[in-house]
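Trainee: Let's see this in three dimensions:
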Amino acid sequence: MFSIFEILALTTLCASVAQSELLAPCHRNDNVCFEKSINNALPEIFSENKALGIESSDPLKLDLIEGDMPDIKFKFISPITTGFKKCVVKNVKMNLDALTLHEELDCPNLETTGKYEISGHLMTLPIEGSGDFKISAGSYNIILDFDLETVVGDDNKVYLSFKSYKQINEARAPISFDFKNLFNGQKDQADNVLTFANQNWKKVFHLLQEPIWNENIKKIVSTGNKLLRTEPLDQMFISP
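Mentor: Down below sits the predicted model:
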């Protein structure tokens with residue numbers, strides 16, 4: 001049985017953890033400090049937080065990603081992406097007066113696995129199949145520009161929130177594609193398509209990447225908004 005002193009100590013510890021800051025406070029115009037603060041918080045940002053109803057973003061699990069282009073259609077079923085915790089945030093530019101934020105996620109390795117269904121033409125080659133897939137990206141850069149807004153919480157404190165965003169994705173190293181059971185297991189046709197995809201990885205991923213990253217970043221931004229509601233604006237930034 002716990003003593004009254006142990007209970008008080010445990011209560012104090014829990015209260016301290018609950019009130020801990022996600023982002024270390026910075027002066028309003030100190031982008032260097034804010035960039036460092038974000039990077040220090042990344043492991044927590046991408047982790048599960050049951051108390052806030054936040055699922056993990058590394059691994060990041062989705063129900064479905066669909067691509068519906070004129071020449072090719074695909075579904076990624078129950079895709080899982082890993083590697084976000086290894087990313088580094090760079091080139092942060094926060095403007096609280098204009099309520100804008102620019103940042104870049106520099107990721108050394110991202111990998112997505114799951115089930116796929118695909119049909120159509122991969123540029124010049126026909127493609128068709130369903131089964132397991134894996135897409136592995138080396139150095140990858142995700143450029144994000146946010147429009148922010150302020151919201152007043154139930155506690156009458158002011159919080160930041162992501163209002164909208166634009167993204168640009170840049171693969172800076174080869175991307176490998178592995179799709180099992182293409183053409184219902186016909187090895188010659190499957191090998192031909194996979195060889196083509198891996199030799200022309202930049203063009204192929206440019207064709208496929210928009211629906212993939214739209215869904216991934218949408219979930220990360222949703223998580224970010226939940227986390228932002230835990231830290232008032234006057235706690236995040238110190239007036240000069």
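
Trainee: show me where the chain has helices.
Mentor: 4-18, 31-45, 187-199, 201-228, 233-236 (DSSP state H).

Trainee: And the contacts of the last one?
Mentor: Residues outside helix 233-236 that contact it (Cβ atoms under 8 Å, 6 or more residues apart in numbering): 21, 23, 25-26, 150, 157-160. For every residue, glycine as well, the C-beta is placed using N, CA and C.

Trainee: Let's see that with 6 Å instead.
Mentor: Helix 233-236 has contacts (Cβ atoms under 6 Å, 6 or more residues apart in numbering) with 23, 158, 160.

Trainee: List every C-alpha atom in it, with coordinates, as CSV.
Mentor: This file holds the C-alpha atoms of helix 233-236, laid out as CSV (Å, rounded to 0.1, in the frame of the first residue of the first chain):
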residue,chain,number,x,y,z
LEU,A,233,0.5,31.2,-27.7
ASP,A,234,1.9,33.3,-24.8
GLN,A,235,3.6,30.2,-23.5
MET,A,236,5.2,29.4,-26.9
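
Trainee: in it, what counts as buried?
Mentor: residue 236 (16 or more other Cβ atoms under 10 Å).

Trainee: cool, the fourth one as well?
Mentor: Counting neighbours by 16+ other Cβ under 10 Å, one finds that the buried residues in helix 201-228 are 201, 204-205, 207-209, 211-213, 215-217, 219-220, 223-224, 227-228.

Trainee: now do stretch 108-126
Mentor: Here stretch 108-126 shows 110, 112-114, 116, 118, 122 as buried, counting by 16+ other Cβ under 10 Å.

Trainee: Go through the residues you listed and name the one nearest residue 85.
Mentor: Nearest to residue 85, judged by Cβ to Cβ, of these is residue 110 at 10.8 Å.

Trainee: Quick one: residues contacting the closest one.
Mentor: 83, 137, 140.

Trainee: Verify the contact between the first one and residue 109 for me.
Mentor: Think residue 83. Yes: contact criterion Cβ atoms under 6 Å: residue 83 and residue 109 qualify, at 4.9 Å.

Trainee: Residue 152: neighbouring residues, count only.
Mentor: 9 (other Cβ atoms under 10 Å).

Trainee: again, but for residue 229
Mentor: For residue 229, using other Cβ under 10 Å, the count is 16.

Trainee: Show me what the nearest residue in space to it that is not next to it in sequence is bridged to.
Mentor: In space, residue 229 comes closest to residue 159 once its chain neighbours are excluded; the distance is 5.4 Å by Cβ to Cβ, 6 or more residues apart in numbering. Beta bridges link residue 159 to residue 151 when assigned by DSSP bridges.

Trainee: what's the answer for residue 100, then?
Mentor: Beta-bridge partners of residue 100, as defined by DSSP bridges: residue 95, residue 147.

Trainee: can you tell me how far it sits from residue 145?
Mentor: As judged by Cβ to Cβ, to the nearest Å, residue 100 and residue 145 stand 7 Å apart.

Trainee: now residue 189
Mentor: From residue 189 to residue 145 the distance is 42 Å (Cβ to Cβ).

Trainee: One more: residue 161?
Mentor: 16 Å.

Trainee: would you turn the helices of the chain into a markdown table with mean pLDDT and distance to residue 104?
Mentor: Below are those laid out as a markdown table (pLDDT from 0 to 100; distance: least, Cβ to Cβ, whole Å):
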| stretch | mean pLDDT | distance to residue 104 |
| --- | --- | --- |
| helix 4-18 | 36 | 31 |
| helix 31-45 | 94 | 10 |
| helix 187-199 | 96 | 26 |
| helix 201-228 | 92 | 13 |
| helix 233-236 | 91 | 20 |
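
Trainee: Alright, that wraps it up for me.
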